[in-house]
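A.B. asks: Give me the fold of what follows.
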Amino acid sequence: RRARYRSASHRRRCGAPVHRPLAMEPELKQLLLKDGLVLGPEIGKGSFGTVYRCTDVKTQISYAVKKIDLRVLRMQPQFVLERLKRECSVLENLSHPCVVRLYKTIEAPDAILMVMEMVLSM
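C.D. replies: Sure, this is the predicted structure:
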């Protein structure tokens, strides 16, 4: 059974490995470029991922790309990758004016990239 830790600092005190968030690796940049997206600056960070601005090469439309680090999620005892994939699939088919649109999901071995509608603050 896996031990539960309250936070990254608790994991450090207990001697457990702490996974630091990765910068956008060149392989992930290449995956985005294959889909016609050029990576821009980091615009936000959360407990499970980092959000970057990206631009479509053809249309020059800006999108937000959320990189979810699967290494961090795999440390959670209740995490199931198939549930995350199913949730992404549902969100890709959802279109509502009050919900941020998810346009596509790109899978990599240690990350999932979610290409979403860019929402600018008022």
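
A.B. asks: Only C-alpha atoms from now on, for both contacts and neighbour counts.
C.D. replies: Fine.

A.B. asks: Val119 belongs to a helix?
C.D. replies: No - looking at Val119 with DSSP: H, G, I helix; E, B strand; the rest coil, it is coil, so not inside a helix.

A.B. asks: Skipping its backbone neighbours, what lies nearest it in space?
C.D. replies: Excluding the flanking residues, the one nearest Val119 by C-alpha to C-alpha, 6 or more residues apart in numbering is Val100, at 7.6 Å.

A.B. asks: burial measure for the one you found, as a count.
C.D. replies: Here the count is done by other C-alpha atoms under 10 Å, and Val100 has 14 residues near it.

A.B. asks: Identify the residues contacting it.
C.D. replies: Residues near Val100 by C-alpha atoms under 8 Å, 6 or more residues apart in numbering: Met116, Glu117, Val119.

A.B. asks: Top of these by number of neighbours, please.
C.D. replies: Within the contacts of Val100, Met116 tops the neighbour count with 21 neighbours, counted by other C-alpha under 10 Å.

A.B. asks: Look up how far Val72 lies from Ser47.
C.D. replies: As judged by C-alpha to C-alpha, to the nearest Å, Ser47 and Val72 stand 9 Å apart.

A.B. asks: didn't Ala64 look like it was pressed against Leu120?
C.D. replies: No - judged on C-alpha atoms under 8 Å, Ala64 makes no contact with Leu120 at a distance of 10.2 Å.
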